[in-house]
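J.: coords below, sequence missing:
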């Protein structure tokens, strides 16, 4: 089995690829393609956030006793991302290129910073704190429905 860093880092990259494809389609005013790709990206993000919030964060907090630390910051950033995703969904539905690309630029910057914090700090901390439990945590994350 992989580490939490590898498992969720790979999921970050899969989400990033969908994000880039949707943004490219919107930039080309291919709204049918953009809406379809954005729907896939939004679903992938919802799944990723659920894996973290429903499985990883509680396991990390239980093991370390830190509930007001890095996981609290990540949850706040997740809420900011969800709001931007809703803005992007509305813009895609309306075919509003400038609103879509504006929100996507903000989301992209937030995701890049967020992912760096997770991949450089939280995920390695989780791998160390959870130790042998990491495999079970990854299996629980894999079991979350898409």
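T.: Sure thing, it's come through. These numbers come from a predicted model, not from an experiment.

J.: and the residue nearest to residue 123 when sequence neighbours are not counted, what helix or strand is that in?
T.: Computed as CB to CB, 6 or more residues apart in numbering, the closest residue to residue 123 that is not its neighbour in sequence is residue 5, at 4.0 Å. The way it works is simple: take the backbone N, C-alpha and C, and place the C-beta from them, glycine included. Using DSSP states H and E, residue 5 maps to helix 4-27.

J.: List the buried residues in that helix.
T.: Within helix 4-27, the residues that count as buried by 16 or more other CB atoms under 10 Å are 4-5, 7-9, 11-12, 15-16, 18-19, 21-23, 25-26.

J.: Out of those residues, flag the one nearest to residue 123.
T.: Of all those, residue 123 sits closest to residue 5, with 4.0 Å by CB to CB.

J.: What segments of the protein are helices?
T.: 4-27, 31-50, 57-64, 70-94, 97-117, 123-130, 134-142 (DSSP state H).

J.: For the residue nearest to residue 123, give me its contacts.
T.: Residue 5 makes contacts with 119, 123-124, 126-127, as judged by CB atoms under 8 Å, 6 or more residues apart in numbering.

J.: can you do 7 Å?
T.: Applying CB atoms under 7 Å, 6 or more residues apart in numbering, we find residue 5 in contact with 119, 123-124, 127.

J.: do the same with residue 101
T.: By CB under 7 Å, 6+ apart, the contact set of residue 101 is 26-27.

J.: Check the nearest residue to residue 22 once chain neighbours are set aside and give its pLDDT.
T.: With sequence-adjacent residues excluded and distances taken as CB to CB, 6+ apart, residue 22 is closest to residue 37, at 3.8 Å. According to the prediction, residue 37 has pLDDT 97.

J.: one step back: which members of the contacts of residue 5 define the maximum pairwise distance?
T.: Pairwise over the contacts of residue 5, using CB to CB, the maximum falls at 119 and 127, 11.2 Å.

J.: what number of residues lie near the nearest residue to residue 66 once chain neighbours are set aside?
T.: Nearest residue to residue 66, sequence neighbours excluded (CB to CB, 6+ apart): residue 60, at 7.4 Å. The tally of other residues near residue 60 (other CB atoms under 10 Å) stands at 25.

J.: Name the nearest of the contacts of residue 5 relative to residue 47.
T.: For those, the nearest to residue 47 is residue 123 (16.8 Å; CB to CB).
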